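[1] After the sequence you'll find the predicted model.
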Amino acid sequence: MAYETLEVRTEAEKVGIITLNRPKQLNALNDQLMTELGAALQAFDADEKIGCTIITGSEKAFAAGADIGAMAKYSFVDAYKGDYITRNWESIRSIRKPVIAAVSGFALGGGCELAMMCDFIIAADNAKFGQPEIKLGVIPGAGGTQRLPRAVGKSKAMDMALTGRMMDATEAERAGLVSRVVPLDKLMDEALGAALQISGFSQIAVMAAKESVNRAFEGGLSDGVMFERRLFHALFATQDQKEGMDAFVNKRPATFTHQ
Ligand code: CAA
């Protein structure tokens with residue numbers, strides 16, 4: 001499929017790489033981009049060979065938010081009844097294989113929310129995160145008020161949402177929003193390294209790990225622990241479990257067949 005707002009490629013036939021590509025608007029997220037992003041993610045998710053996908057932007061901007069120009073004139077009726085702004089954003093949550101956000105530059109508003117919808121964030125040292133919607137007379141509309149406090153705690157999330165200030169990469173790592181910070185010129189190497197590593201593991205175990213961690217993020221502790229235990233037990237029905245444990249016991253590398 002040809003995309004107008006994305007560049008899409010694969011690496012080593014194992015990793016999907018999606019680059020947001022509306023440079024003049026600092027990758028502002030309009031309806032077309034989010035529709036294309038959903039389609040590209042679903043295509044990689046359905047591809048047996050792909051084990052992990054990376055979403056990235058440009059050096060200056062991962063994404064500077066939802067497209068303010070497109071929304072400026074919307075009425076409540078357009079936003080609510082037409083559901084024009086974020087209607088197709090949650091499709092990312094249906095992706096079952098891991099998605100890494102490789103963030104450089106601005107990740108603001110919907111850009112920060114998009115990064116938080118990914119499974120983890122690797123940031124370049126020039127990354128800046130923020131929820132500046134308050135300055136526009138609105139609030140985050142794609143999960144920011146829910147995912148940010150879960151990631152960084154109430155106090156910092158309130159600070160970000162109420163003042164609209166930006167957090168640099170160091171603060172974001174300290175707060176737990178991002179998993180790693182690397183120099184800008186190493187960002188894609190680092191993200192690719194992680195994605196290739198993940199792609200080398202059992203796809204079934206990887207999907208189960210993602211599903212189970214998300215359960216912790218979205219539900220209560222005892223439900224989550226029970227859910228994890230059921231998935232853990234279920235993995236003993238896979239050939240990959242036999243292979244992984246036999247390889248360890250016999251001190252040899254494992255070769256996973258995703259069965
Ligand atoms: N939507 C549409 N266009 C945007 C945009 C956005 N979110 N962010 C930047 N742009 C455009 C600018 O209008 C500008 O276009 P022109 O060249 O045609 O004027 C171009 O991108 C470059 O931007 P700047 O000249 O402003 O660049 P800068 O380096 O001076 O500033 C910035 C960069 C701090 C990111 C600034 O652009 C900015 O504050 N952008 C808006 C950030 C924002 O408020 N995001 C939240 C949007 S609302 C939202 O996301 C709702 C939600 O939760 C779903």
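    Looks like it arrived, so ask away.
[2] What residues does the stretch 51-200 of the chain have near the ligand?
    Within reach of the ligand by C-beta under 6 Å from any ligand atom, the stretch 51-200 of the chain has these residues: 64-69, 86, 106, 108-110, 113, 132-133, 136, 140-142, 144. All C-beta spots, glycine's among them, are computed from the backbone N, C-alpha and C.
[3] ok, now with 5 Å
    64-69, 106, 108-110, 132-133, 140-142 (C-beta under 5 Å from any ligand atom).
[4] quick one: contacts of stretch 234-252?
    Residues outside stretch 234-252 that contact it (C-beta atoms under 8 Å, 6 or more residues apart in numbering) are 202, 204-205, 208, 253-259.
[5] List the buried residues for that stretch?
    Buried residues in stretch 234-252, counted by 16 or more other C-beta atoms under 10 Å: 238, 240-241, 243-244.
[6] so of those residues, which ones are in helices?
    240-241, 243-244 (DSSP state H).
[7] Just say helix, strand or coil for the nearest residue to residue 118 once chain neighbours are set aside.
    Once flanking residues are discounted, residue 118 sits nearest to residue 101: 3.8 Å by C-beta to C-beta, 6 or more residues apart in numbering. Local secondary structure at residue 101 is given as strand here, using DSSP: H, G, I helix; E, B strand; the rest coil.
[8] any idea how far residue 257 is from residue 101?
    From residue 101 across to residue 257, the span is 29 Å (C-beta to C-beta, to the nearest Å).
[9] Between these two, which is the more surrounded one?
    With neighbours defined as other C-beta atoms under 10 Å, residue 101 and residue 257 compare such that residue 101 has more, 27 against 11.
[10] Quick check: the more buried one touching residue 62?
    Yes. Here residue 101 reaches residue 62: they are 7.1 Å apart, a contact under C-beta atoms under 8 Å.
[11] quick one: contacts for the residue most central in space within the chain?
    The centroid of the chain falls nearest to residue 118 when counting by C-alpha atoms, centre = their mean (1.2 Å). Contact analysis of residue 118 by C-beta under 8 Å, 6+ apart lists 55, 92, 99-101.
[12] So for these, which is the shakiest by pLDDT?
    The lowest pLDDT within these belongs to residue 92, with 90.
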